[in-house]
Structure formats: C-alpha cells, structure tokens
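> the sequence and its predicted three-dimensional model are supplied below.
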Amino acid sequence: VKERTFTKLRTIGRGGSSSVYRVMAKNYRIFALKRVSLKKASREEQEMYMNEIEFLRKLRNNERIIQLCDYEINLEKGYVIILMEIGEVDLATVLDRWKDRKKNMNFVRMYWEQMLSAVHTIHEEKIVHSDLKPANFLLVRGNLKLIDFGIAKRIANDTTNIRRDQQVGTVNYMSPEALQDTGEDRSIGRKLMKLGRASDVWSLGCILYQMLYGHTPFADYRFTVKLHAIVDESFAINYPEWLEYDSNEKVGETHEGEGEEGKDAEDGEGTGSSEPAGSSERSKIRVKVDVDGIDTIRACLQRDPKQRRSIPQLLQDPLLHPGENRMGVPAVRWIVQSALSLYRTRRRPGDRPGWRSGPPRLEGPMDRVLQDGVDWSGVDPEELDQVSEVCCIY
C-alpha cells in the first residue's frame, strides 16, 4: 500500500470483486486489508468503494467507527486497496452464539448503547447508513464499531431525507420507507424512495429484537410475504412476553394470536417452540423478556418514521437506565413511609438513625430522587431529617 509492504496472514473473506485479508506490517501490527479489482466491479460497485473511502476519511478518529489507516486507488492498474484496523468478531457471530441461550441483559444494554452511540455519530454528520445489521458492527478490543459505508449516503443541506432510485439493504433489517416507492418519479419510469435517520432507527430496532428473541421480527416469513409484512400497518409484529428454555438452553417462544399463514417451515431462522410447555420430559425454565427492551423495540418499529424515537431519546430510554424512571412520587412516598416505620421500630434510645445489623440494600437512585423536589406530605416534620438519612441509607 503506497510502497509499504504487508505480509498476508490469511483470507478473512471474499465477495464479488473484493477480498479481505488479515495482514501484518513490518512492525508486527495487524490490520485488515481489502483489495478491490476494479476490472471485475460494476460501475455501481466502484462507486460504493469510493463512497466508503470518503466516509471513512470523514469519520476518522471516532472511537465508534472502524478506523481507516491508509488507502490506495490505482486506476491505471485497476485496483483499490483499503487498509483498516482489524476486529475480533462481528455482532452477527456473537448473536448466533446467543441464539438459544438465556440473554444477559447487561451485555444487551452494553452493546445496544454502543450501537446507538455509533449511529448517533454518523447521524450528527448527516449520514444515513442504510444497511445496519449485526454483521456491520465489529468488536474491536471489546468495543463495537460500525463498518461498511458502501451504500451510506449524505443528507443534503436543504432536506432531512436521502433519495434512492432502487431498493438497497438487507431485507430483514430494511425499513418500510426503504421499500416503498413514493411515486414522485413515476412519470419518468423510475422509482423513488425517501428515507432519513429514522430508517436507521428501524434497523436498530430489528437488531435489538434479534438480541432478545434470537431472530428478526419477520425472519419466519417467505420473501414476498416478508416484504408485504414490513410495510403493512395492519400486520401486527409479535412481541412474546416469555421465552422457554430446555435444560440444554434451547429456546422457544410463547406466541399469542399469531397466525401461521405465510410461514416457511423450511426457513432455519425461526425459533418457535416445537412442543407445548410441559409436554417434554426435560425440565423447562420460563424467562420473562425484559419489558423495557420490548418497549424500546416497539418505539423503533413504528411504521410511520415520524413516530419512531430518535437516537438521543433512545439513549435516555429506561432500557439503558433500569429503575430510574420508575421512581415516581408514589414509589418514593412508599419508601419514605417504610423507612420511617423501620426507623421507629428498630431505634433504641440514643441511637443514630439506622439499623443494629447494618442497613439493608435496595437498588435505586435515591440520592437523585431526594434532590428532585419529592412530595413529602404525610411525613412527620419533626422526623424529616432522620427519615431523609434513613432513605439515603436505603
């Protein structure tokens, strides 16, 4: 690359006109090197590779975006080389390993927040990615980074949308507006799709659905039915509240009111339970799906783009702040009354507020709640200071 020599260690992947290699520099640093044959690439593919280089240059030094280390474009010899930092594994591989196992919500929250941060970064630069999926989030030293800007597009200054004359992306993660022709260019015989930042939010919702349920919302349906289901508002998306696990952690779902029409029995992406609960001799565990997770998915998978939450709103969702948004005045008053009762029953003459055996532990941002103008009505004013101290111990 620009007269710098690298040693090819192995091939990471091949596709069409490009190959990606794991390479080592003379100082023993490891990189990912993508080599593109322009002679084998179509005009659209050539534009995609140039587009990727442009956006990676623009997004250099951002910790949530894969870093471009160097590149070379040689039109005379017909090749493009892109040198990037290398990752360990993509999110698609991680989710495949998780597929039939109980979900650790700490990992879900961590990866979800990193994905939101990465997409927020490009949205701030007025870039719509258009192909968000688990395979395009790469773990680099334990942190998720966004990759593959081939079909990404910048929003013009005079609008909030990008325009496309063809449907592009990965169907299981494509938004309704990415599939629907607006009809504005029909007079000249061309399709026109308009999509903005909210289109990426829909794709993120599909990824979160997959993180919780093991598959995307429409994975069980044949291609033509799937396209119809994504855009049809009357087609209800299923959100099972419970998952069942065998003793070997194989997962099944509790579906309610979901028809079987259009299901593809041969599609390996489905994870529906093949047996009713209790019919197997093996022990089963029922696990409730995180309610905040379901609420966040619903907020992303609104077919009207204007009804979807923005990335900043999603970063403030209860899913990423468990417990904080449930500490309303009634809950605080209950804690105050309980603390007051414990204080009175366990207090000895001359004791400071507290408990003989040490304070009990209760999770919750009491320090914040106590500072936010809580309604203290019903509490004896003479004992207010003591109760406040006891609540802080909580």
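Received it, and whenever you're ready, just let me know what you need.

> doesn't L56 lie inside a helix?
Yes. When DSSP: H, G, I helix; E, B strand; the rest coil is applied, L56 is found to be in a helix.

> and it, how many residues sit next to it?
19 (other C-beta atoms under 10 Å). Bear in mind the C-beta positions are built from the backbone N, C-alpha and C, glycine included.

> quick one: it from Q67, how far?
8 Å (C-beta to C-beta, to the nearest Å).

> shaky segments in the chain?
Applying pLDDT under 70 to the chain flags residues 165-167, 184-190, 247-282, 323-394.

> and it, what are its domains?
Per automatic domain parsing, the structural domains of the chain span 7-85, 89-322, 325-393.

> chain center to the second one, what's the gap?
Think domain 89-322. Remark: domain 89-322 is offset 8 Å from the chain centroid, using C-alpha atoms, centre = their mean, to the nearest Å.

> start to end distance for that domain?
Criterion C-alpha to C-alpha, to the nearest Å; first-to-last residue distance in domain 89-322 is 28 Å.

> just to revisit the earlier point, which residues are in contact with both of L56 and Q67?
Residues touching both L56 and Q67 (C-beta atoms under 8 Å, 6 or more residues apart in numbering): M84.

> in stretch 91-99, which residues are buried?
Judged by neighbour count using 16 or more other C-beta atoms under 10 Å, the buried positions of stretch 91-99 are 91, 94-95, 98.

> what does that stretch rub up against?
111, 133-135, 137-139, 144, 207, 210-211, 214-215, 251, 271.

> among those residues, which two are most distant?
Using C-beta to C-beta, the pair of those lying farthest apart is L138 and V251, separated by 25.7 Å.

> what's the closest non-adjacent residue to R141?
E88 (7.6 Å; C-beta to C-beta, 6 or more residues apart in numbering).

> against D317, how distant is the one you found?
Using C-beta to C-beta, E88 is found at 28 Å from D317.

> before we move on, the earlier item: verify the stated contact: the residue nearest to R141 with L144.
No. When contacts are counted by C-beta atoms under 8 Å, E88 is not listed as touching L144 (11.0 Å).

> thinking again about what came up before, let me know the closest of the buried residues of stretch 91-99 to H120.
Distance to H120 across those (C-beta to C-beta) is lowest for L91, with 17.0 Å.

> quick check on the closest one: phi, psi?
The phi/psi pair for L91 (degrees, to the nearest 10) reads phi -70, psi -30.

> mind checking how far it is from R97?
Distance from L91 to R97, counting by C-beta to C-beta: 11 Å.

> cool, and D148?
Taking C-beta to C-beta, one finds D148 at 21 Å from R97.

> ok, now I73?
37 Å.

> E85: neighbour count?
When neighbours are counted by other C-beta under 10 Å, E85 comes out with 16.

> oh sorry, the question was meant for E72
The number of residues packed near E72 is 15, by other C-beta under 10 Å.

> L33 versus the residue lying closest to K34 once chain neighbours are set aside, what's the distance?
Distances taken as C-beta to C-beta, 6+ apart put I82 closest to K34, at 4.4 Å, once the chain neighbours are dropped. Noted for I82: a distance of 7 Å to L33, by C-beta to C-beta.

> same check, this time on E125
26 Å.

> those two: which is more packed in?
Higher neighbour count among E125 and L33: L33, with 21 against 13, using other C-beta under 10 Å.

> any idea how far I162 is from that one?
To I162, L33 is 30 Å away according to C-beta to C-beta.

> then Y21?
Taking C-beta to C-beta, one finds Y21 at 32 Å from I162.

> same question, V36
On the measure of C-beta to C-beta, V36 and I162 end up 24 Å apart.

> for T170, same thing?
From T170 to I162 the distance is 17 Å (C-beta to C-beta).

> more neighbours: which of those two?
Legend: neighbour count by other C-beta under 10 Å for T170 and I162, higher for I162 (20 against 16).
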